[in-house]
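# using only what follows, build the 3D model:
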Amino acid sequence: MAKKDHFLITCEHGGNRIPPRYRHLFSGFEDMLQTHRGFDAGALALARELAGSLDSPLSVSTTSRLLIDLNRSIGHPRLYSDATRGAPAAVRREILENYYLPYRNKVEAEIAAMIARGGRVIHVASHSFTPELDGEVRNADIGLLYDPARQGELELCGRWQAQLNTLAPGLKVRRNYPYAGRSDGLTAYLRRRFPAGVYAGIELEINQKHVLKGGRHWRALRGRVTESFIRAAGLVPEG
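Take a look at the predicted model:
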């Protein structure tokens with residue numbers, strides 16, 4: 001008998017909060033905190049809905065990515081932002097130790113504990129993207145990011161895309177768009193920590209134009225994304 005899958009939902013860019021201790025670093029950068037550079041609009045609401053429907057653990061951060069980006073590796077040039085990159089080394093280290101490492105270590109430990117109980121962990125990291133970047137209009141409503149070399153991720157995203165096409169035929173769903181699933185990020189790091197047989201990491205990307213519409217439209221989209229994933233994961237019969 002096959003061991004069941006475990007689910008974990010995360011949201012690395014869920015808010016734009018800056019702890020009081022570091023607000024002086026953001027003098028002149030206040031407006032940036034309200035933009036897509038400060039947080040992923042809608043990502044937290046979708047993460048909560050997914051986790052609630054799956055009855056799964058949820059790890060979120062509401063501290064702005066402009067303090068330190070939890071979806072970047074140590075040493076990455078964008079780990080710190082324009083506001084924090086020039087801070088003294090001791091301050092940057094303090095931010096790393098107080099915000100970055102606790103979050104990343106908690107997620108990794110949670111996955112390790114799930115694997116120890118048997119079965120595979122399916123990790124969905126909830127993100128969103130701006131409709132236009134550097135003059136280029138993003139040609140997708142939903143992106144599913146994964147590593148094509150990992151068969152479990154490839155198959156799951158194929159099923160998820162098919163279910164989305166059925167439940168929301170008016171939406172354009174693309175795989176490994178607007179970013180490559182193998183590029184630097186939390187899921188890419190975790191793939192190096194855990195074998196493909198016990199870990200599948202998917203980054204879900206929602207076009208923020210749907211978040212900005214709000215109301216019934218945004219609620220309906222969250223529902224379709226959640227239902228399509230539940231069906232793709234085989235938790236309810238297709239039909």
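
# the residue lying closest to Leu186 once chain neighbours are set aside: what secondary structure?
Nearest non-adjacent residue to Leu186, counting by CB to CB, 6 or more residues apart in numbering: Asn71, 5.3 Å away. (Glycine included, C-beta is placed from N, CA and C.) Classification of Asn71 using DSSP: H, G, I helix; E, B strand; the rest coil returns coil.

# ok, Asn71 - contacts?
By CB atoms under 8 Å, 6 or more residues apart in numbering, the contact list for Asn71 reads 12-13, 65, 125, 127, 185-186.

# go again using 6 Å as the cut-off
Applying CB atoms under 6 Å, 6 or more residues apart in numbering to Asn71 gives the contacts 12, 185-186.

# likewise for Ala232?
Neighbouring residues of Ala232 by CB under 6 Å, 6+ apart: 159-160, 163.

# which one among these gets closest to Arg104?
Trp160 (25.1 Å; CB to CB).

# how about the closest one, secondary structure?
helix.

# just to check, Ser126 is in contact with Glu205?
No: Ser126 is beyond contact range of Glu205, at 8.8 Å (criterion: CB atoms under 6 Å).

# can you redo the contacts of Asn71 as CSV with neighbour count, secondary structure and pLDDT?
Compiled in CSV, the contacts of Asn71 are given as follows (neighbours: other CB atoms under 10 Å; DSSP: H, G, I helix; E, B strand; the rest coil; pLDDT from 0 to 100):
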residue, neighbour count, secondary structure, pLDDT
Glu12, 26, coil, 98
Gly185, 24, coil, 97
Leu186, 24, helix, 98
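
# which one of Ser126 and Glu205 has more residues nearby?
Ser126 (29 against 24; other CB atoms under 10 Å).

# the helix or strand hosting the more buried one packs against which elements?
Assigned by DSSP states H and E, Ser126 falls within strand 121-129. Packing partners of strand 121-129 (3 or more CB pairs under 6 Å, 6 or more residues apart in numbering; DSSP states H and E): strand 6-11, helix 43-54, helix 101-116, strand 199-207.

# of all those, which one is nearest Phe29?
helix 43-54 (20.9 Å).

# show me what the closest one is packed against.
By 3+ CB pairs under 6 Å, 6+ apart, helix 43-54 packs against strand 6-11, strand 121-129, helix 215-232.

# would you mark the buried spots in the last one?
Along helix 215-232, these residues count as buried under the neighbour rule (16 or more other CB atoms under 10 Å): 218, 221-222, 224-232.

# same question for stretch 55-70.
Taking 16+ other CB under 10 Å as the criterion, stretch 55-70 shows 56-61, 63-70 as buried.

# just stretch 180-197 next, same as before
In stretch 180-197, counting by 16+ other CB under 10 Å, buried: 181-182, 184-191, 194.

# cool, stretch 81-100 as well?
Residues of stretch 81-100 classed as buried: 81, 83-84, 87, 92, 95-96, 99-100 (neighbour count, 16+ other CB under 10 Å).

# can you list the residues that contact that stretch?
Residues contacting stretch 81-100 (CB under 6 Å, 6+ apart): 25-26, 29, 63, 66, 68.
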